[in-house]
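Asker: this is the structure alone, sequence omitted:
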């Protein structure tokens, strides 16, 4: 199958029952997407599929052909981080780091849809992404900060 990941096409040879998470990690060696619960309960494996957050542990890779897949590796680069990544660092919103890629991608999707979200909208959008370290107040601050930064720059997420 051919998967379009982070703007590039990749030919991937894997059985139809392989999850997108496994294809990303094992076939494409994109290990930023994390395997934590493997049941779609924590959100650590969140990626963007045509701009929408999805749990890659519950999504079959074969079902993603023809769609744009964005992983944490696809939204920023060393020295050129995405505004959400920078805000997470600035607000100390990441502790152990397991949930951070999924949190960041869910936040990016939110800010693309709602550039100036209310706290209630942030909480609702992020409700599928758990943080075992409990940094929720810092995550909220980071998303607020990234939203303000993106609006001030006149840029979308």
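Answerer: Yep, that arrived. For clarity, every value in this text was computed on a predicted model and none was experimentally measured.
Asker: show me what contacts residue 27?
Answerer: Residues near residue 27 by CB atoms under 8 Å, 6 or more residues apart in numbering: 10, 12-14. C-betas here are computed from N, CA, C, even on glycine.
Asker: take those and lay them out in a markdown table including pLDDT and secondary structure.
Answerer: A markdown table is the format used below for these (pLDDT from 0 to 100; DSSP: H, G, I helix; E, B strand; the rest coil):
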| residue | pLDDT | secondary structure |
| --- | --- | --- |
| 10 | 97 | strand |
| 12 | 95 | coil |
| 13 | 92 | coil |
| 14 | 91 | coil |
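Asker: can you flag the buried ones in those residues?
Answerer: Neighbour counting by 16 or more other CB atoms under 10 Å classes 10, 12 among the contacts of residue 27 as buried.
Asker: now, among the contacts of residue 27, which is nearest to residue 91?
Answerer: Relative to residue 91, the closest of those is residue 10; by CB to CB it sits at 33.6 Å.
Asker: tell me how far the nearest residue to that closest one once chain neighbours are set aside lies from residue 95.
Answerer: Spatial nearest neighbour of residue 10, excluding adjacent residues (CB to CB, 6 or more residues apart in numbering): residue 3 at 5.1 Å. Using CB to CB, to the nearest Å, one gets 31 Å for the distance from residue 3 to residue 95.
Asker: re the thing from before, surely the residue nearest to residue 10 is within a strand?
Answerer: Yes - when classified by DSSP: H, G, I helix; E, B strand; the rest coil, residue 3 is found to be part of a strand.
Asker: follow-up on the earlier one: give me the more crowded residue out of residue 3 and residue 95.
Answerer: residue 3 (23 against 14; other CB atoms under 10 Å).
Asker: thought that one was touching residue 71?
Answerer: No - contact criterion CB atoms under 8 Å: residue 3 and residue 71 do not qualify, at 10.8 Å.
Asker: which residues touch the residue most central in space within the chain?
Answerer: With distances taken as CA atoms, centre = their mean, the chain has residue 105 as the residue nearest its mean C-alpha position (2.3 Å). If you count contacts by CB under 8 Å, 6+ apart, residue 105 has them with 46-48, 53, 70-72, 75.
Asker: and of the residues you listed, the nearest to residue 123?
Answerer: The closest of these, once distances to residue 123 are taken by CB to CB, is residue 53, at 14.8 Å.
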